[in-house]
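# Following is a predicted model, sequence given first.
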Amino acid sequence: MSTVIVEPSVFISAGQVLASTFEGWRSTIDASGFCLAAEIDHKGRCDSLLLFNQADITLPDPAEQMIASVWAYLPVATHGLLKGLLSQPLPGTPHRTLELPLQDAHQRWLEIVTHGFCDCAGEQCYLLLVREITQERQLAQEFQHGKSRAIAYERFQFSMLELVLKEQDATRVLETIAREIEAMHADMYCAIVLTQNFGKLVQTVIAPTLPKAMLEALCQLQLETGQGPLATSIALKQRVIVEDVMTHPTWINHRDAAKASGIRAGWAEPLLTAEGDVLGAFAIYYRQPQTPLANEQSMIEQAAKLVSIVVDRHLSQDTIEALAYLEPVTGLPNRRKAYEMLQHVQSQAETPQYWGLIYIDLDHFKWINEAHGHTLGSHLLLQVAERLQKVASPHFLACMGGDEFLILLSGLSCEGDKALQQVRALQRKLKKVFERAFEVANHKLQITASMGLASFSSADACETDYVKAVDIAMHRAKQAGRNTACVYEPGMQTQIATQIMLETELRLAIKQQHLALHYQVQVDHTGRPFGAEALLRWQHPERGFISPLQFIPVAESSGLIVDIGMWVLDQACAQIARWQQARKTSDLSLSVNISARQFRQANFIAMVKNCIQKYQINPNVLRLELTESLLLENVDDAVSIMSELSRLGIQFSLDDFGTGYSSLQYLKKLPLYQLKIDRSFVNDIVTDSHDRTIVRTIIAMAQSMYLSVIAEGVETPEQMELLLNNGCRRYQGYLFGKPMPIAEFDACIEQALV
């Protein structure tokens, strides 16, 4: 890597923070890729070239440009965008980031970051940091592709199962399976070979798109070891993978057919009956040499099982019936079987007796799927099921779908208290199942579970849906902090009924427009208003004011939050448009809370863009507030969504900062404008040294990352003074104004903005 040794005097004078930014950036660059670090002015004139590596990227002819210009060191494709960044700085935004595809033969990507500062003469300067991020982009795309394929295959499994249950023509079903799998994988052929005489002779070959030469070879196949992967798989009753058919010895008799068909790799999985007898084999062929990834191996195995069921159907209709009662990932009895088992034990009870139920839900299992993929998640569920079976035996264990399990305990004491003690005893054993880490695909995964418990007798079992009851208790355990258990009590059912009633009334409130926005002012250290936060309020016509703490969780769980969120955003943009018509309020910003479900909607970006265009507002004054837990669900997706909206000028604020999993590891990836200090730290900042330390740390972190910081819940002058002394210059709270209807808010603003 070449370095131009030029003393960066102006850069050093800009401060240690910018120097640290440069050092941090330098630690992320790849020595084999393009990189550039330079001090420049707003026209691109280069004061100091700090770091430069051309790699294999074509640059303009240096002879045609002055060495004092940065344009000689950058690909032409970057010039226009960078000039736009330099000529149109955003007020209050010290650094800006762009990711740019070069569209060259190597499909490279560059990241361009500008950090603004002023030199000794007060002139605007920039620290320009450019690095190649091709590998990072490729890894992100590969991860997303694998995730999409896993979702597509899960949908395929359910649609094929439905087809199996409805379609009587086995050949038509097998052809559909082959075509659907080929549609999900580029450059792949599927072949299903059915045998007779216990795997000795080829009976039928179903391969809708397989080239003629290879199809004929399969029809004449000798089912012996060494005759290609398919024959070997049938002979040995095991999976066979051949990476390159042109070099593998078992393909010597079929190499010409493979070459004529454009086939270079072959994998096969045997088709077996429930008793282990050979029905044939399921094979896939690729046009390029390759070995299967973990998710592809799982796909082969699951597809072979599905094909085996279709073929075996003519031998035993019971196979299909059994599948209807099995959960596909773990192989355990499913929800339908669990309810039938519960009804069965109740109906068979001749004398009063007690049973128990334990509902188990894995904590944060979704995070494991997001971090490691659905294939690894499925393998983890298999291990969890195996451990639970060992502990729960001889009681009935079912998988209720996803990461939820149910245990039905029978043979309990005839006394209610003792029966519940027996349920608790088993729950304690089950908890120990999760104390030892699970080893899956070279990963050690530590996971916990929340559990709901109940015991009931044959005398009262019919009065309550006890599966739903223990499910309710399990969710109560999650609310208590997870990794714990909760016993069902009848009052919980009443609470759920109350929640359902509240949801019904909330739907009516949306329809009849009983929801309203109130506005709470945000001020700077001089007390001058610079913006507001829009807060949702519900005035019930009969029950009066209903707290957001009551109805927002209901809106979240029911999905109503999506419609409510769209309405709030529309109303907020309309209000911004009204403010922009008056000189005094034209620069007021407005913060809007965005829920997790709303943020994850596929049309979220389009919805925000439509609101901005509809009301023709300045996007720089629209501030979207997100929570840490929302962003942590999938950081990469969040960065993508936020980056696209940031390019419009929309600013993002991280709400309730410090209460979640605050980490620079993810924080530095996010295109944030502002951190919001949670009121829980502000409440006792005057009397609690621990809270003061946390607040100082948050402010210092924000300053080091060039982020604005605002404190909420400021109610006393002493709190404001402490915040100001520690560098926080923006506030929100009752000290400056309570949330109020827009008419009242506008009147207060009119007086304050003189």
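Arrived safely.
# Helices of the stretch 451-600 of the chain, residue ranges please.
For the stretch 451-600 of the chain, the helices defined by DSSP state H, counting those that start in this stretch cover 466-479, 490-511, 548-558, 560-579, 596-599.
# Which one of these lies nearest to L590?
Smallest distance to L590 across these (C-beta to C-beta): 5.4 Å, for helix 560-579. From N, CA and C alone the C-beta is placed, and that goes for glycine too.
# Just want the angle from the closest one to helix 490-511.
40 degrees (axes from the mean of the first three to the mean of the last three C-alpha atoms, to 10 degrees).
# For R131, find the nearest of the helices of the stretch 451-600 of the chain.
That would be, of these and by C-beta to C-beta, helix 596-599, which comes in at 28.7 Å.
# Show me the shaky parts of the stretch 151-300 of the chain.
151-169, 196-203, 226, 295 (pLDDT under 70).
# all helices for it, in order.
According to DSSP H, counting those that start in this stretch, the helices that the stretch 151-300 of the chain contains are 170-184, 212-219, 229-236, 255-261, 294-312.
# residues contacting M341?
333, 396, 398, 408 (C-beta atoms under 8 Å, 6 or more residues apart in numbering).
# M701 contacts L675, correct?
Yes - counting by C-beta atoms under 8 Å, M701 sits close enough to L675 to count as a contact (7.4 Å).
# between those two, who's got more neighbours?
L675 (24 against 17; other C-beta atoms under 10 Å).
# In contact with the more buried one, which residues?
653-654, 657, 698, 701-702, 707-710.
# Among these, which are located in helices?
Among the contacts of L675, the ones falling in helices (DSSP state H) are 698, 701-702.
# For A425, which three-state class applies?
helix (DSSP: H, G, I helix; E, B strand; the rest coil).
# Determine which stretch of the helices of the stretch 151-300 of the chain is the most buried.
The highest mean neighbour count among these, using mean count of other C-beta atoms under 10 Å, belongs to helix 229-236: a mean of 24.
# how far does it sit from the chain's center?
When C-alpha coordinates are averaged (C-alpha atoms, centre = their mean, to the nearest Å), helix 229-236 and its chain have centres 40 Å apart.
# packing partners for that helix?
Helix 229-236 is packed against strand 188-196, strand 240-242, strand 265-272, strand 278-286, with contacts defined by 3 or more C-beta pairs under 8 Å, 6 or more residues apart in numbering; DSSP states H and E.
# what's in contact with that helix?
Residues outside helix 229-236 that contact it (C-beta under 8 Å, 6+ apart): 191, 193, 195, 199, 218, 221-226, 239-242, 250, 266-270, 278, 280-281, 283.
# run the last query once more with 7 Å
193, 195, 199, 218, 221-226, 239-242, 250, 266-270, 278, 280-281, 283 (C-beta atoms under 7 Å, 6 or more residues apart in numbering).
# go on, stretch 103-114?
The contact list for stretch 103-114 (C-beta under 7 Å, 6+ apart) reads 34, 57, 77-78, 82, 85, 95-102, 126, 128-134, 137.
# what's the first-to-last distance across that stretch?
One end of stretch 103-114 to the other measures 22 Å (C-alpha to C-alpha, to the nearest Å).
# and that stretch, which residues are buried?
Residues of stretch 103-114 classed as buried under the neighbour-count rule (16 or more other C-beta atoms under 10 Å) are 108-114.
# Just the buried ones among the contacts of helix 229-236, please.
193, 195, 199, 218, 221, 223, 239-242, 250, 266-270, 278, 280-281, 283.
# The stretch 551-700 of the chain: strands as residue ranges?
Per DSSP state E, counting those that start in this stretch, the stretch 551-700 of the chain carries strands over the ranges 589-593, 622-627, 651-657, 674-677.
# what about those strands, which gets the closest to G737?
Comparing the strands of the stretch 551-700 of the chain under C-beta to C-beta, the one sitting nearest is strand 589-593, at 14.3 Å.
# can you give me the angle that closest one makes with helix 548-558?
Strand 589-593 runs at 60 degrees relative to helix 548-558, counting by the same axes, to 10 degrees.
# Strand partners (parallel or antiparallel) of strand 589-593?
In the sheet, strand 589-593 lines up against strand 529-540 (parallel), strand 622-627 (parallel) (DSSP bridges).
# CA atoms only: put that strand into CSV for me.
Extracted in CSV, the C-alpha atoms of strand 589-593 (Å, rounded to 0.1, in the frame of the first residue of the first chain):
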residue,chain,number,x,y,z
SER,A,589,-38.6,19.8,13.5
LEU,A,590,-41.1,17.1,14.4
SER,A,591,-40.2,13.7,15.9
VAL,A,592,-42.4,10.7,15.2
ASN,A,593,-42.2,7.3,17.0
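# what pLDDT, on average, does it get?
On average, the pLDDT along strand 589-593 is 95.
# got the contact list for that strand?
Counting by C-beta under 7 Å, 6+ apart, 530-534, 568-569, 572, 575-576, 621-625, 653, 655 sit against strand 589-593.
# what do you get if the cut-off is 8 Å, keeping everything else the same?
519, 522, 530-536, 568-569, 572, 575-576, 579, 620-625, 651, 653, 655.
# what are the ranges of the helices in the stretch 601-750 of the chain?
Under DSSP H, counting those that start in this stretch, the stretch 601-750 of the chain gives helices at 604-615, 628-632, 635-646, 664-667, 679-682, 689-704, 717-725, 742-752.
# Least confident secondary structure element in this protein?
Counting by mean pLDDT, DSSP states H and E, the chain has its least confident helix or strand at helix 318-323, which shows a mean of 48.
# Show me what secondary structure element comes after that helix.
helix 335-348 (DSSP states H and E).
# How far away from the center of its chain is that following helix?
The chain centre lies 36 Å from the centre of helix 335-348; the measure is C-alpha atoms, centre = their mean.
# Helix 466-479 and that helix, what's the angle between them?
Using the same axes, to 10 degrees: helix 335-348 against helix 466-479 is 120 degrees.
# Pull out the buried residues from helix 335-348.
335, 337-338, 341-342.
# can you pull the pLDDT of L342?
86.
# picking up where we left off before, out of the strands of the stretch 551-700 of the chain, which gets the lowest mean score?
Note on the strands of the stretch 551-700 of the chain: lowest mean pLDDT is at strand 651-657, with a mean of 86.
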